[in-house]
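Chemist: show me how the following folds:
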Amino acid sequence: MSSTTGRTHVMMLEPSIKTCSIPVVLIHGDYHTGDIWGPKPDNKPGWAEFFVKSGFTVYILDLPFRARPKPRSSGGKPITQLRAQMVEYHFTAPEKVKNLDWPSAHTHTQWPGTGLRGDPFFERYMRRVVPEFLDRRERQTAGQRALAIFLDKVGPSILIGQGSGANLAWLAADLMPHRVVGIVAIEPAGPPFSQAARIDEQEGRHRYTPKFHYAQNVRQYGIADIPLQFNPPPVQGTFADLLGLDDNDFQPIPNPLRQLPNLRNIPQIIVTGEASPHSLFDWATFKWLKQAGVPVQHIELQHVGLRGNGHLCFLEKNSDEIAGFLLKWMRQNVPAIRQQFNAALEASRTPVQ
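Modeler: Numbering: from 1, shown residues only. Below is the predicted model of the structure:
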């Protein structure tokens, strides 16, 4: 599948027994390709196989300007790359490198192996990491268009996005609300209008802070860096009337807060790992979306008995348990899936004549 800004590669996986006609679409985040949804670094099955075995058709996307698409506007030179030291600090071993930037870092237990350079699971993960060739706005524009073209072809789907892939799910749903029946956002890029971290060049890492403030030109549409469809529309050139964030808390906005009408009929969930830096700020994304009229839930995994997860929870030892929780949420909260699940359940209980 092609778009004007690059080529999107799509892999379709079909279950042996289909229990739901609504497909699952897996959307990768920054520095990843669709391969990240396949076998995990410990070689155990990933989420693609989990949802296929659960009876869903699964689509895995490689969005434009990742490993396989050939970048054009950047001249082939990456803008950003994910370094091994940063992966250790933030994703795979925050508890081992004495990362005290967020209070729950020490609770991380779910990454297989040591999470440090030299460990085979760590090195296997790093071999899947790819550079970024475009800035955030270019990536979001290309990704939104690619997903819109894809959804127009396959029809209503449930979107599961990780990191910036979750933000792309929101952008796609804003453009094609009739093609999205539900959104699962695994630690989306955030918080709205703000930076929760600064780059420490000396240590080669991000330093997180429990307080965050308005940052010009950062997610200036709340969950995106490119326009969303607000009602009433924001004044051209100013985003002050979209803000609900002030000194790490949300304040009431009069007359009234602008709504996101294209997202208001789509069930959604934001998922945050106990030991992830997102534990500092995913609540802000959730609260801002609620103010904008979006039917979103926020689940911190430790509160449903899933402990010790970091930002890459979908690759960690208990990833199947997390996927199982999400499957249960989908069956209970997404009407199109709930109806089919209940019908299949009722049919299984009906005695054969």
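Chemist: where does residue 25 sit: helix, strand or coil?
Modeler: At residue 25 the chain is in strand, as set by DSSP: H, G, I helix; E, B strand; the rest coil.
Chemist: which residues does it contact?
Modeler: Each residue near residue 25 by Cβ atoms under 8 Å, 6 or more residues apart in numbering is listed here: 58, 59, 61, 147, 150, 151, 154, 157, 158, 159, 160. No exception for glycine: its C-beta is placed from N, CA and C like everyone else's.
Chemist: narrow these to those that are buried.
Modeler: Burial by neighbour count, judged by 16 or more other Cβ atoms under 10 Å, picks out 58, 59, 61, 147, 150, 151, 157, 158, 159, 160 from those.
Chemist: in helices, which of those residues appear?
Modeler: 147, 150, 151 (DSSP state H).
Chemist: let's have the residues you listed in TSV, adding pLDDT and distance to residue 232.
Modeler: What follows is those, written out as TSV (pLDDT from 0 to 100; distance: Cβ to Cβ, whole Å):
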residue	pLDDT	distance to residue 232
147	96	26
150	96	30
151	97	27
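Chemist: okay, those residues in a markdown table with distance to residue 334 next?
Modeler: Shown next, in a markdown table, are these (distance: Cβ to Cβ, whole Å):
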| residue | distance to residue 334 |
| --- | --- |
| 147 | 18 |
| 150 | 19 |
| 151 | 16 |
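Chemist: quick one: the helices in the stretch 101-250 of the chain?
Modeler: Applying DSSP state H, counting those that start in this stretch to the stretch 101-250 of the chain gives helices spanning 120-126, 136-154, 164-175.
Chemist: pick the most buried one from those.
Modeler: helix 164-175 (a mean of 26; mean count of other Cβ atoms under 10 Å).
Chemist: list the helices and strands it packs on?
Modeler: Helix 164-175 sits against strand 24-27, helix 136-154, strand 157-162, strand 180-186, with contacts defined as 3 or more Cβ pairs under 8 Å, 6 or more residues apart in numbering; DSSP states H and E.
Chemist: partners of the shortest one in the sheet?
Modeler: Strand 24-27 has the following strand partners under DSSP bridges: strand 58-62 (parallel), strand 157-162 (parallel).
Chemist: on that earlier part again, wait, which of the buried ones among the contacts of residue 25 is closest to residue 264?
Modeler: residue 159 (16.1 Å; Cβ to Cβ).
Chemist: which one of the helices and strands packed on helix 164-175 lies closest to residue 114?
Modeler: Per Cβ to Cβ, nearest to residue 114 of the helices and strands packed on helix 164-175: strand 157-162, 22.8 Å.
Chemist: and that closest one with helix 164-175, angle?
Modeler: Angle of strand 157-162 versus helix 164-175, following axes from the mean of the first three to the mean of the last three Cα atoms, to 10 degrees, is 150 degrees.
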